[in-house]
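Undergrad: predicted model and sequence below, questions to follow.
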Amino acid sequence: MTAGARAPFGARLAAAMDDHGPLCVGIDPHAALLAAWGLADDAAGVREFGLRVVEALAGRVAALKPQAAFFERHGSRGVAALEDVLAAARAAGVLTIVDAKRGDIGSTMAGYADAFLADGSPLAGDAVTLSPYLGFGSLAPAAELAAAGGRGIFVLCLTSNPEGREVQHAVGPDGVSVAAGIAAQAATLNAGAEPLGSVGLVVGATVGDAVRATGTDLEAVGGPLLAPGVGAQGAGERELAAVFGAARRQVLASSSRGVLAAGPDAGGLRAAAAGAAAEARAALR
Ligand SMILES: O=c1ccn([C@@H]2O[C@H](COP(=O)(O)O)[C@@H](O)[C@H]2O)c(=O)[nH]1
């Protein structure tokens, strides 16, 4: 599909969430999961793992989120496996968020943008996760390329791990927390976009009262909120509802191991994803 023909990512994601529920399933081929699925811990194993998840869940969940780290740990062949998984997802018509968490000075960010967001790149997904800790403005090349091609970005804001607080809760001389500042800059980029902008944030479902504590206005972001931490990290319906409050309709809950542990049987994966999607829908309606 050419860039001109592709609707904005935010609109495509909103439609997919309406159709399938607010759930993204991560493709995280951990060594332990590969063993449990009877696959080798090598590039062929992660490729087969990813292809099976795509085959089982395309058309049944709003998005899939391959975790680049588990492919990269197998070197160039692992990266080629990620390319194959992304190609299969593209062919199956399921949205992909490449969880790569890239961040660098602007001129290098342009390289990452070309890798993960350019038409024709074998590593391109529909969106990519980015780290704003070299300054939100350093992400501009990715935000611009994403917007031009109908793709999206998800910027780390309040991550699901407890260590994130030391950076994300820090308050600057203007009295604004790092997290709130990131959210405000995302809101500026999404201004006027309906029904959802294409600049999303990552806000873990495990963060407790961090949204309030940091003064982060998630509703004003106007973009999707990718919420990892569901399932294996302990968050469920109660946490999703409590963390996101009035911003709940923007939330795309994300679970990897919580669903993947039900594999390799496609029926098991589908049942686990359907259960997680139903829980997310109930929590976020
Ligand atoms: O704040 C964050 C940002 C990203 N992640 C990623 O999501 C999945 C979570 O996997 P589970 O098996 O569901 O715990 C993983 O790829 C993380 O790198 C996150 O957990 N928290």
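TA: Great, that's in hand. Numbering: from 1, shown residues only.
Undergrad: OK, contacts around T214?
TA: The neighbourhood of T214, defined by C-beta atoms under 8 Å, 6 or more residues apart in numbering, consists of L158, Q168, H169, S177, V178, A179, A180. The way it works is simple: take the backbone N, C-alpha and C, and place the C-beta from them, glycine included.
Undergrad: what residues of stretch 277-285 count as buried?
TA: In terms of neighbour count (16 or more other C-beta atoms under 10 Å), stretch 277-285 has its buried residues at A277, E279, A280, R281, A283, L284.
Undergrad: also stretch 239-254?
TA: Buried residues in stretch 239-254, counted by 16+ other C-beta under 10 Å: 239-244, 247-248, 250-254.
Undergrad: before we move on, what about stretch 91-105?
TA: For stretch 91-105, the buried set under the neighbour-count rule, 16+ other C-beta under 10 Å, comprises V94, L95, T96, I97, V98, D99, A100, K101, R102, G103, D104.
Undergrad: would you mind measuring from the residue of the chain most remote from its centre to G181?
TA: Counting by C-alpha atoms, centre = their mean, the extreme residue of the chain relative to its mean C-alpha position is P173, 31.0 Å from that point. Between P173 and G181 the computed distance is 12 Å (C-beta to C-beta, to the nearest Å).
Undergrad: V61 now?
TA: Going from V61 to G181 by C-beta to C-beta gives 32 Å.
Undergrad: which of those two has more neighbours?
TA: The neighbour comparison of V61 against G181 (other C-beta atoms under 10 Å) goes to V61, with 30 against 21.
Undergrad: around the ligand, pick out the residues from the protein.
TA: For the chain, the residues in contact with the ligand under the definition C-beta under 6 Å from any ligand atom are 26, 28, 67, 99, 159-160, 202, 204, 228-229, 231-233, 254-258.
Undergrad: show me the buried residues of stretch 239-254 that map onto strands.
TA: Secondary structure defined by DSSP state E assigns V251, L252, A253, S254 of those to strands.
Undergrad: most widely separated two among those?
TA: When those are compared pair by pair using C-beta to C-beta, the two farthest from each other are V251 and S254, 9.5 Å apart.
Undergrad: shared neighbours, these two?
TA: Counting by C-beta under 8 Å, 6+ apart, the common neighbours of V251 and S254 are A227.
Undergrad: secondary structure element for S107, which one?
TA: Taking DSSP states H and E as the definition, S107 sits inside helix 106-117.
Undergrad: now do that helix, average pLDDT.
TA: Along helix 106-117, the predicted local confidence has a mean pLDDT of 98.
Undergrad: buried ones in that helix, by neighbour count?
TA: M109, A110, Y112, A113, D114, A115, F116, L117.
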